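Undergrad: this one's sequence-less:
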Ligand code: BGC
């Protein structure tokens, strides 16, 4: 690889790296970029617009222009992939820290943690010499069946926006680009490469785009990845409305649009509709066939030919190269870029902290949790998920961590007095990095062994849920059923029969059906937690850490209670060609609230080992102009016996409106950490401008005047106080 030797010859230009300072102004850089473009041949320019390997693009050696190297994303830097094939390269120096998957980060409701997450993963990406980290993902959680929900930030655009901005800013402080993905409307994996999404302008702007917009405008993200699916008949990766008009036009995005791996479909569209860099279209690994070689990508030879014969103007490739060079000046060409770090204690601590704060306590009958470490007590930890690696599998976000503490290992390390015993219960087939091979291979024997183990224990902790296999929480397709797989419902019943002192750790990145809920006394949602999973789980199970996570999406009781599923197959998954987002703006809790359907667990819900009281909830005044900010103050008191944290959530709704409205929408939140017996008064500001709806007639945002209701509580279904305000 020639990447670093480039730096030696870059003095060729009218500037030198030696004199370049970190704070070079944008216009100076733009001038430099123009001067570089004037030196490039057309062939060199085109070559910069498409892949040269699975995860890199070409530089221009004679001018010292470097290659660009990318890696997945989004919750750890992926192991090195081979040059031409999807096989791992087999390096021995590419293991990293696996951070919790983004659903867990969203559940923390803590933007400060998101900043620490971004800083740490950015340092790891820099250490691994990556210029672009392919994450974070902000596709909205529309259906619990989406195999990739675990990689995203939940169902609410406000929450996703507030969490994604600090992540991106702090990745990029390392001079590594974040690449927010998948733009846009990639809300299911089933038929993802072909399905055409039909959705209203309102739902597009109010639900599906805000997190991308925040990434572009507030976080100033340097790269955006297109999506696989179509929208209104055109592929989203090179889309007239999405890429050209909205992203690059209205939002004034100055970064690079990268295709998803094989999401480009046409030279003219890719060239003219804003795609800057084409990746993954395919090669046979040998480059022996024309149809399958990097030179035959849509933005390679066919693009060059179209420019040469005058069908496409040269200024089109110049714009792409300008953006690509800008990306280089922000990353690989940045003076004093730094070296980053990997697997540090600080990164492991951040991974553990995010996991601790994202874990959600869903049920706690008779204070089943926390479980005390007591002499003479036997705890049976049952279930394959107690030992199965959850960083292996799942698709492109698969990781090769230096280590991964399993729930069983974490609990064993934490519990010194109590005796921990274990049985697998069922085995679903090997996963590459599994840390335990079942002692018995026959499913019946595994089951019997588990039941016998449960009988011997004082407490049973069942570790169940989904895993990262195909058709579960995994890229490439969706779950086929809302239930827990592997007959876990029956298994939970059997465990309950032999030992009623049963609690459960639910390891998923998605909501699941819970008909077994009355069988478990306690239930903890543990997500996919990465390297420090078992430690963070033991922290919460033991009570060393008081849970404070809140659900970033609703748990429907049954699938048809979810808005996307209510309207049948045309809405989800579509008819194979098209799908219609018929629930429109009523995604997630907006649907449950408005249609008065009770979810099993609501958005924003999560218990604590302590109790919190919200009081003195007031608005600074109750008449506002459109450019004002509504200030909501709230006294939060920890009235329980343990220190902990509560998330104050502010929703806003408008009953009388000229347009369809959700009953209420999240517009502000704050996580407040309080010692037992203490209180704190907090203010949450809601800019009136954030109450605007997207007026389809005008194709613009509009703030409707009149009466609004502000709902303040600690979950979307637990509102302590409503306040009426007027916008005038
Ligand atoms: C995924 C992207 C990923 C890319 C590269 C695609 O299949 O959709 O999210 O970044 O592969 O691995």
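TA: Perfect, I can see it now. This is a predicted model, so every value here is computed, not measured. Numbering: from 1, shown residues only.
Undergrad: For the ligand, give me its nearest residue in the stretch 401-550 of the chain.
TA: The ligand sits closest to residue 475 of the stretch 401-550 of the chain, with a gap of 6.2 Å, by C-beta to the nearest ligand atom. No exception for glycine: its C-beta is placed from N, CA and C like everyone else's.
Undergrad: Check the burial of that residue by counting its neighbours.
TA: Counted by other C-beta atoms under 10 Å, the residues lying close to residue 475 total 18.
Undergrad: tell me the secondary structure for it?
TA: Under DSSP: H, G, I helix; E, B strand; the rest coil, residue 475 falls in the coil class.
Undergrad: Mind listing what's buried along the helix or strand containing residue 329?
TA: Residue 329 is located in helix 314-330, with elements delineated by DSSP states H and E. Of the residues in helix 314-330, 316-318, 320-330 count as buried by neighbour count, 16 or more other C-beta atoms under 10 Å.
Undergrad: My read is that residue 382 contacts residue 460, right?
TA: Yes: taking contacts as C-beta atoms under 8 Å, residue 382 lies within contact range of residue 460: 6.1 Å.
Undergrad: Overlap of the contact sets of these two?
TA: Shared contacts of residue 382 and residue 460 (C-beta atoms under 8 Å, 6 or more residues apart in numbering): 454, 495.
Undergrad: related to what we said a few turns ago, distance from the chain centre to the helix holding residue 329, please.
TA: 28 Å (C-alpha atoms, centre = their mean, to the nearest Å).
Undergrad: thinking again about what came up before, what's near enough to touch the residue of the stretch 401-550 of the chain closest to the ligand?
TA: Taking C-beta under 8 Å, 6+ apart, we find residue 475 in contact with 147-148, 151, 189, 394-397.
Undergrad: Show the end-to-end separation of stretch 138-146, please.
TA: Stretch 138-146 has an end-to-end distance of 13 Å (criterion: C-alpha to C-alpha, to the nearest Å).
Undergrad: Now do the buried residues in stretch 83-99.
TA: 84, 94-99.
Undergrad: That one and the ligand, are they touching?
TA: No: between stretch 83-99 and the ligand, judged by C-beta under 6 Å from any ligand atom, nothing touches; the nearest distance is 8.4 Å.
Undergrad: contacting residues for the closest residue to the ligand within the stretch 551-700 of the chain?
TA: Here the residue of the stretch 551-700 of the chain nearest the ligand is residue 573; by C-beta to the nearest ligand atom that distance is 17.2 Å. By C-beta under 8 Å, 6+ apart, residue 573 lies in contact with 188, 190-191, 195, 478, 579.
Undergrad: Can you flag the buried ones in the residues you listed?
TA: So, by 16+ other C-beta under 10 Å, the buried ones in the contacts of residue 573 are 188, 190-191, 195, 478, 579.
Undergrad: Redo those residues as TSV? Include distance to residue 717, secondary structure and pLDDT.
TA: Shown next, in TSV, are the buried ones among the contacts of residue 573 (distance: C-beta to C-beta, whole Å; DSSP: H, G, I helix; E, B strand; the rest coil; pLDDT from 0 to 100):
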residue	distance to residue 717	secondary structure	pLDDT
188	26	coil	98
190	30	coil	98
191	33	coil	98
195	32	coil	98
478	27	coil	97
579	29	strand	98
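Undergrad: Just flag the most distant two among those.
TA: 478 and 579 (12.3 Å; C-beta to C-beta).
Undergrad: thinking again about what came up before, of the contacts of residue 573, closest to residue 60?
TA: residue 195 (38.2 Å).
Undergrad: got a list of what the closest one touches?
TA: Shown in contact with residue 195 (C-beta under 8 Å, 6+ apart): 188, 229-230, 573-574, 576-579.
Undergrad: Check residue 143 too.
TA: 187-188, 478, 562, 564-565, 572.
Undergrad: give me phi/psi at residue 403?
TA: Recorded main-chain torsions at residue 403 are phi -160, psi 160, according to degrees, to the nearest 10.
Undergrad: Shouldn't residue 305 be within a helix?
TA: Yes: judged by three-state DSSP, residue 305 forms part of a helix.
Undergrad: distance of it from residue 224?
TA: 27 Å (C-beta to C-beta, to the nearest Å).
Undergrad: If I look at the residue nearest to the spatial centre of the chain, what pLDDT would I see?
TA: The residue lying closest to the centre of the chain (C-alpha atoms, centre = their mean) is residue 152, at 2.5 Å. Predicted confidence (pLDDT) for residue 152: 98.
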